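[1] Model the structure of this input:
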Amino acid sequence: MKRVIRSLADIPDQVPIFPLAGALLLPRMVLPLNIFEPRYLAMVDHALAGDRLIGVIQPAIEPGGATAEGDSPPLSGIGTIGRITHFEERPDNRYLIGLMGIIRFNLASEVESFAPFRKAEVECAPFESDFEEGHGEEDVDRHAFLAALRDYADFAEFEIDWDDVTAMSVEDLVNSCVMASPYGPRERQALLETSTLRERAEMLTALAEVEMSRSAPGRNLQ
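    The predicted structure is shown next:
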């Protein structure tokens, strides 16, 4: 029987860890992944045979914004537990999976494992509000965020289906924009670690304003 994840009590103390530079997964968002390395194929097999949970975390961010390299790089302090909600086994020995974010975690410690993939003890209690859909939406200035999104869409010259945007909840709007944002590992880690939805929206807006101002120094951003 598949485990239903509804509270901290449903989260195991240890989860398999997938270090992935530039990765950003937020609660109720889906991260598509193309799995082909043998150790991570084994990780997916392990997850599918159990509770389908995988912890996605970036390698540690080094001075200058680069991520640590190597087969077992040191890891950032915060990641996200996701659950495999879709998988497709390809004939060329790959998995295409969809990982839905459940809750962020503090990395407590790595644990020894005879498996080819890494495992860690995690602490999710500081992020318990991640279970609450729409938590903090009332504090976000939706009008200001949409105005910033319009400015950035014009700047980056990409099209947006505004009917879809209008129908989205504030949480879905902010988090989908964050996950689709083009920023590097350091900025994406900072966005992941924000305490509130409002802080996340304001940080993304600030990053966009800085990017636009660098391309147009005389631009007057509100």
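[2] Could you use CA atoms for every contact and neighbour count after this?
    Will do.
[3] residue contacts, the most centrally placed residue in the chain?
    In the chain, the residue lying closest to the centroid (CA atoms, centre = their mean) is L25, at 1.5 Å. Counting by CA atoms under 8 Å, 6 or more residues apart in numbering, L25 makes contact with 31, 56, 80, 82, 100-101, 179, 192.
[4] and A108, how many neighbours does it have?
    15 (other CA atoms under 10 Å).
[5] quick one: it and R186, what's the gap?
    Look at A108 and R186: by CA to CA, to the nearest Å, they are 20 Å apart.
[6] likewise S195?
    S195 sits 16 Å away from R186, going by CA to CA.
[7] Looking at these two, which is more packed in?
    Ranked by neighbour count (other CA under 10 Å), S195 and R186 place R186 first, with 20 against 12.
[8] got any ranges where this structure has weak pLDDT?
    Within the chain, the segments meeting pLDDT under 70 span 1-3, 216-222.
[9] Please repeat the previous calculation with a cut-off of 90.
    For the chain, applying pLDDT under 90 flags the ranges 1-6, 61-72, 113-114, 158, 214-222.
[10] how about the strands in it?
    Applying DSSP state E to the chain gives strands spanning 14-19, 30-35, 53-57, 78-90, 94-111, 118-123.
[11] Switch these over to JSON lines; also include distance to D154.
    Converted to JSON lines, those look like this (distance: least, CA to CA, whole Å):
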{"stretch": "strand 14-19", "distance to D154": "34"}
{"stretch": "strand 30-35", "distance to D154": "26"}
{"stretch": "strand 53-57", "distance to D154": "32"}
{"stretch": "strand 78-90", "distance to D154": "32"}
{"stretch": "strand 94-111", "distance to D154": "30"}
{"stretch": "strand 118-123", "distance to D154": "41"}
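[12] Could you identify which of these is most buried?
    Mean neighbour count (mean count of other CA atoms under 10 Å) peaks for strand 53-57 among the strands of the chain, with a mean of 27.
[13] Show me the beta-bridge partners of the residue nearest to E193 when sequence neighbours are not counted.
    Spatial nearest neighbour of E193, chain neighbours left out: I78 (7.0 Å); criterion: CA to CA, 6 or more residues apart in numbering. For I78, the beta-bridge partners under DSSP bridges are N106.
[14] Pretty sure I78 sits against V56.
    No: at 9.2 Å, I78 does not count as touching V56 under the criterion of CA atoms under 8 Å.
[15] Which strands and helices lie in contact with the longest helix belonging to the chain?
    Determined from DSSP state H, the single longest helix within the chain is helix 197-215. Helix 197-215 sits against helix 142-156, helix 170-180, helix 185-192, with contacts defined as 3 or more CA pairs under 8 Å, 6 or more residues apart in numbering; DSSP states H and E.
[16] of these, which approaches Y40 most closely?
    Nearest of those to Y40, taken as CA to CA: helix 185-192 at 20.9 Å.
[17] distance between that closest one and the chain's centre?
    Chain-centre distance of helix 185-192: 9 Å, with CA atoms, centre = their mean, to the nearest Å.
[18] show me the contacts for V44.
    Contact analysis of V44 by CA under 8 Å, 6+ apart lists R52.
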